[in-house]
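Enquirer: attaching a predicted model along with its sequence, questions to come.
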Amino acid sequence: MARQVFGIDFGTTFSSVSFLPLGSPDKPNLLQFSGARYHVPTLLRLDPNDDSLKDWGWNAQGALRRGNGVVVKRNFKRDLGKCEKSKKFTLHYLKALEEKIRDKQGRLPRLDAADFITSIGAPVNWTEAQNDLLKCLAIEAGFPEVRIVSEPVAAMHNLKCNATSRFRFGALPETFMVIDFGGATLDICVVKTQELGREPQVLSSDGDVTLGGMDFDELLEKWFLRQSNLDLDSLSPHDKALLREKIQDVKENMSDVFRKQGGENLFQATIHLTTGAHVFEATKNEFFNRCKEVGYLEKISGAVGKALQKCGLQSKDIKRVILIGGNSRWFFVRQLVAKEMGLGGEDELLETDSPYTDVASGLSICYGWSDEPGAEPGVWLKYQLPGEEQQQKMLVAPGRASRCIAPRKAGKKRGPRDPRISVFSALETDCLAQRCSSLTDPLRGCTTHHARRPRDGCPQWEPS
């Protein structure tokens with residue numbers, strides 16, 4: 001079995017896991033949880049007597065619907081390193097994740113360091129002590145060879161692998177701003193990458209630790225209670241927990257409705273509690289004004305300006321702004337960031353399509369793509385044969401890269417490239433002694449050292 005990298009995004013409200021074989025040119029696979037979902041609530045159901053683990057994730061959330069007497073813990077990541085109980089709850093959760101991974105890998109008795117590497121994300125503003133604590137807890141939970149990676153750096157690695165048609169890293173070093181609006185905090189950092197998105201490094205980090213998705217949960221919860229003429233103190237513990245779960249669903253659905261261009265201005269949802277069914281209504285303008293009244297909009301704009309000032313750059317020095325995290329999908333976040341940074345086109349302000357799994361995918365790419373070379377030196381080519389829908393891939397020797405060798409038909413020997421074959425990409429494994437890769441055009445060779453005329457000025461060039 002090829003050695004694999006697990007990317008674990010241990011989030012405040014949701015977590016996700018990806019895995020990628022070392023040296024693979026493909027996208028990471030995502031661990032599937034119950035209900036065909038690729039993210040899982042960071043939620044624990046505990047025994048009320050001794051705090052032992054009864055259930056976790058979606059099952060713990062489902063237990064809230066089944067009746068009273070359920071003890072559920074959430075948001076414990078926010079207090080990691082600040083209190084002893086958060087340490088205990090984090091260990092419970094990581095052990096549950098480790099068991100789930102072992103089960104998916106063929107019910108292994110343990111995860112062996114000879115077969116697996118663990119890459120776990122941490123907020124960019126965490127202290128070294130918090131990072132060390134998370135690493136120790138992951139090792140105690142059973143994860144082998146644990147490495148801590150900054151979450152924004154992981155997000156940049158994910159973009160390198162999953163570049164959309166309107167996003168491409170340039171051939172020169174670039175500077176980006178990454179805005180991670182998660183469940184607990186608003187993290188903003190400035191990241192510099194080398195050519196083609198390689199080697200992302202955090203130049204500075206800032207943000208607002210007092211603003212996160214939980215603040216929007218609280219705002220919507222108070223709004224709902226006022227509309228429904230309910231008093232939070234009069235609700236049973238079961239209804240309180242159930243209400244918070246439903247409010248999170250409302251938040252996610254509302255952000256999707258309001259962010260659609262030309263979408264409906266009115267949002268409606270029915271929340272079922274033991275007190276009955278309650279209808280919640282909100283308009284786009286009402287929500288915007290409420291967020292403005294409590295200072296959320298000012299905090300977002302202020303955090304962006306402060307982060308820019310801290311790194312000593314001007315907005316024109318930032319190539320693009322990348323929005324990640326579930327709460328970056330609010331319609332006004334994009335508007336405020338574009339205004340603060342003076343951005344215009346779609347290619348300058350990028351929202352990813354999978355905010356719950358971006359970091360997890362990037363965490364496995366960090367090491368899966370670059371930690372070890374492939375089975376042999378060379379360059380991975382992805383190509384498509386005439387009349388076939390499915391893309392294929394093969395490894396080409398460095399000295400033959402400019403000829404783009406590809407198989408012809410089944411049963412025949414390999415020969416020079418068929419001119420009808422469409423070559424989609426060339427991805428590095430270990431190209432030549434100086435790692436001159438960057439095959440943006442496989443027919444011309446490596447752009448890092450060879451530019452447009454491969455043979456000129458590179459001592460490592462091997463003619464075909």
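Expert: Arrived safely, thanks for sending.

Enquirer: just the buried residues of the longest helix along the chain, please?
Expert: Longest helix in the chain by number of residues (criterion: DSSP state H): helix 237-259. Buried residues in helix 237-259, counted by 16 or more other Cβ atoms under 10 Å: 238-239, 241-248, 250-251, 254-255, 257-259. Every residue, glycine included, has its C-beta placed from N, CA and C.

Enquirer: cool, and stretch 72-91?
Expert: Neighbour-count burial for stretch 72-91 flags 72-78, 80-81, 86-91 (criterion: 16+ other Cβ under 10 Å).

Enquirer: give me the contacts around stretch 225-236.
Expert: Contact with stretch 225-236 is made by 68, 221, 224, 240, 243, 271, 273-275, 278, 280-281, as judged by Cβ atoms under 8 Å, 6 or more residues apart in numbering.

Enquirer: again, 10 Å this time
Expert: 68, 221-222, 224, 239-243, 271, 273-282 (Cβ atoms under 10 Å, 6 or more residues apart in numbering).

Enquirer: so which of those are in helices?
Expert: Secondary structure from DSSP H places 221-222, 224, 239-243 of these in helices.

Enquirer: let me have the residues you listed in a markdown table, extended by distance to Gly35.
Expert: Shown next, in a markdown table, are the ones in helices among the contacts of stretch 225-236 (distance: Cβ to Cβ, whole Å):
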| residue | distance to Gly35 |
| --- | --- |
| Glu221 | 24 |
| Lys222 | 29 |
| Phe224 | 25 |
| Asp239 | 23 |
| Lys240 | 24 |
| Ala241 | 19 |
| Leu242 | 18 |
| Leu243 | 21 |
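
Enquirer: setting aside sequence neighbours, what's the nearest residue to Ser16?
Expert: Ala360 (4.0 Å; Cβ to Cβ, 6 or more residues apart in numbering).

Enquirer: swap that for Thr357, please
Expert: Spatial nearest neighbour of Thr357, excluding adjacent residues (Cβ to Cβ, 6+ apart): Ser16 at 4.7 Å.

Enquirer: the one you found contacts Asn158, correct?
Expert: No - at 11.6 Å, Ser16 does not count as touching Asn158 under the criterion of Cβ atoms under 10 Å.

Enquirer: what sits in contact with each of the two?
Expert: 7, 354, 357-361, 363.

Enquirer: list just the nearest of these to Leu30.
Expert: Set against Leu30, the nearest of those by Cβ to Cβ is Thr357 (5.7 Å).

Enquirer: so how far is Ile8 from that closest one?
Expert: 12 Å (Cβ to Cβ, to the nearest Å).

Enquirer: comparing the two, which residue is more hemmed in?
Expert: When Thr357 and Ile8 are compared on other Cβ atoms under 10 Å, the one with more neighbours turns out to be Ile8, at 27 against 22.

Enquirer: helix or strand right after the helix or strand that one falls within?
Expert: Under the criterion of DSSP states H and E, Ile8 resides in strand 4-9. Moving toward the C-terminus from strand 4-9, the next helix or strand (DSSP H and E) is strand 14-21.

Enquirer: which strands and helices sit next to the next helix or strand after that following strand?
Expert: On the C-terminal side of strand 14-21, the closest following helix or strand by DSSP H and E is strand 29-30. Judged by 3 or more Cβ pairs under 10 Å, 6 or more residues apart in numbering; DSSP states H and E, strand 29-30 is in contact with strand 14-21, helix 358-368.

Enquirer: repeat the analysis, applying 7 Å as the threshold.
Expert: For strand 29-30, the packing partners by 3 or more Cβ pairs under 7 Å, 6 or more residues apart in numbering; DSSP states H and E come out as strand 14-21.
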